[in-house]
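Mind looking at a prediction? Sequence and model below.
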Amino acid sequence: DAKTTQPNSMESNEEEPVHLPCNHSTISGTDYIHWYRQLPSQGPEYVIHGLTSNVNNRMASLAIAEDRKSSTLILHRATLRDAAVYYCTSETGANNLFFGTGTRLTVIP
Amino acid sequence: DAGVTQSPTHLIKTRGQQVTLRCSPKSGHDTVSWYQQALGQGPQFIFQYYEEEERQRGNFPDRFSGHQFPNYSSELNVNALLLGDSALYLCASSATGTAPYEQYFGPGTRLTVT
């Protein structure tokens, strides 16, 4: 089970880009990297996933280091609705997720 | 299309009692996973059910058990409750197929053990 390490908290001004880092130095070559976010009083919500290549979707971009020991979730323009705890997780292909303690993102108006 | 639903929303139990939590997966999903989330922590994987059988299990004692029904809904049972079992219990569903699997989480059941 790959362990992920994230900063406890980060702040961003509204409408500015946010880069959320994650270290996963013990990840295996076949583990996927998933990002989920959890808004207050809700269950986690899928954001994006990747294996080796950088990925983009309507919510965010995921940049994966060439050695796969780290990744960065990029929110291109933070809004107040993006304030949440962001979890970087690994998934072994066996359909279960291993969460760390996450990064609490505060968006400043 | 209803997402993942869980019941009850909140529950208060006494040490030593037993509790059953319920989950209905998102339409079209056949796999249900359960997670425990202690206050200030990330969710921890308990177990996963597919085709009415436990397919994987995390590092949780046998006091935690589950069941999946033919309609893919699931129950989580916890026996001999301890104070440390107080947490948010999350159910997630997914569709078995080609990895990676996007999981859809329910809002959770908040269990308080006194």
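Done, it's in. Residues are numbered from 1 along each chain as shown, chains lettered A, B, ... in the order given.

ok, the least confident helix or strand in chain A by mean pLDDT: who's next to it in the sheet?
Every helix and strand of chain A was ranked by mean pLDDT, DSSP states H and E. The lowest is strand A:97-99, at a mean of 86. Paired strands of strand A:97-99, with direction, are strand A:84-91 (antiparallel) (DSSP bridges).

From the chain's centroid, how far away is the least confident helix or strand of chain A?
Centroid separation for strand A:97-99 versus its chain: 12 Å, with CA atoms, centre = their mean, to the nearest Å.

Check whether the helix or strand just after that strand comes near chain B.
Where DSSP states H and E defines the elements, the next helix or strand beyond strand A:97-99 is strand A:103-108. No - counting by CB under 8 Å from any CB of the partner chain, chain B is not contacted by strand A:103-108; separation bottoms out at 9.9 Å. Where C-beta positions appear, they are placed from N, C-alpha and C, glycine not excepted.

What mean pLDDT does strand A:103-108 get?
If you average the pLDDT over strand A:103-108, you get 97.

middle-most residue in chain B, spatially?
Per CA atoms, centre = their mean, the C-alpha nearest to the average position across chain B is that of residue B:34, at 3.0 Å.

re the thing from before, so what touches the least confident helix or strand of chain A?
A:1-4, A:34, A:36, A:44, A:87, A:89-91, B:33, B:35, B:42-45, B:92, B:103 (CB atoms under 8 Å, 6 or more residues apart in numbering or on different chains).

List only those of those residues flagged as buried.
Among the contacts of strand A:97-99, those scoring as buried are A:2, A:4, A:34, A:36, A:44, A:87, A:89-91, B:33, B:35, B:42-45, B:92, B:103 (criterion: 16 or more other CB atoms under 10 Å in any protein chain shown).

For residue 40, which non-adjacent residue is spatially closest?
Went with chain A since none was named. residue A:84 (7.7 Å; CB to CB, 6 or more residues apart in numbering or on different chains).

should've been chain B
In this structure, residue B:40 finds its nearest non-sequential neighbour in residue A:101, 7.6 Å apart by CB to CB, 6+ apart.

contacting residues for that neighbour?
By CB under 8 Å, 6+ apart, residue A:101 lies in contact with A:6, A:8, B:40, B:41, B:42.

roughly how far apart are it and residue A:44?
13 Å (CB to CB, to the nearest Å).

same deal with residue A:79?
For residue A:79, the distance to residue A:44 equals 19 Å [CB to CB].

Partner strands of the helix or strand of chain B with the lowest mean pLDDT, with direction?
Lowest by mean pLDDT, DSSP H and E among the helices and strands of chain B is strand B:53-57, with a mean of 91. The pairing partners recorded for strand B:53-57 under DSSP bridges are strand B:44-50 (antiparallel).

Contacts for the strand it pairs with, please.
Strand B:44-50 is contacted by residues A:95-99, B:30-38, B:54-58, B:60, B:64, B:66-68, B:74, B:76, B:96 when judged by CB under 8 Å, 6+ apart.
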